[in-house]
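# Model the following, please.
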Amino acid sequence: MFVGSWRNRNAINACNVIANCTFAIFISELLGRVNLGEGLLTTYGPEILRFLAIHPSSLNPETEKVLMQRFQLLVTRDVFPIYEEIQQPDRRALDEVVFDVLGLTAGEREAVYEAVVALVRARLQKAQSV
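Numbering: from 1, shown residues only. Coordinates of the predicted model:
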């Protein structure tokens, strides 16, 4: 776990949700650092500064409200391994809002899910082969 804080203190909730969407997992897998045992992925300052994320100011109040409502459904349950997590209806509902903001097509959305699974699988397989 890495601890940080958001610069925009008025957007903490939205930033926390955005940091926990599947798109953020995708970016973390692309830019994160695999430097510890068993394929552990870490992100520190240099990686985090390169992250692509939705700026909270790009969310209109209604979108932010829906995003928060959908996130609340997620925080009431356990998190599953990524292969199962991205199949959960509440996860997909949250990601739907994020993907809408990003303007992704249905095919692009599925490509994000497929890429996350492929990147995680490759990272873990590499760790097992070392």
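# For the residue lying closest to V101 once chain neighbours are set aside, give me its contacts.
Once flanking residues are discounted, V101 sits nearest to I54: 5.6 Å by Cβ to Cβ, 6 or more residues apart in numbering. No exception for glycine: its C-beta is placed from N, CA and C like everyone else's. By Cβ atoms under 8 Å, 6 or more residues apart in numbering, the contact set of I54 is I18, F23, V98, V101, L102.
# Looking at those residues, point me to the pair that's furthest apart.
I18 and L102 (10.7 Å; Cβ to Cβ).
# Helix or strand with the lowest mean pLDDT in this structure?
Across the helices and strands of the chain, mean confidence by mean pLDDT, DSSP states H and E is lowest for helix 45-48: a mean of 70.
# ok, back up a step: of the contacts of I54, just say which sits nearest to L30.
Using Cβ to Cβ, F23 comes nearest to L30 of these, at 10.8 Å.
# List the buried residues in stretch 23-32.
Going by neighbour count (16 or more other Cβ atoms under 10 Å), the buried part of stretch 23-32 is F23, A24, I25, F26, I27, S28, E29, L31, G32.
# Kindly present those residues as TSV, with separate columns for secondary structure.
Output for the buried residues of stretch 23-32, formatted as TSV (DSSP: H, G, I helix; E, B strand; the rest coil):
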residue	secondary structure
F23	helix
A24	helix
I25	helix
F26	helix
I27	helix
S28	helix
E29	helix
L31	helix
G32	coil
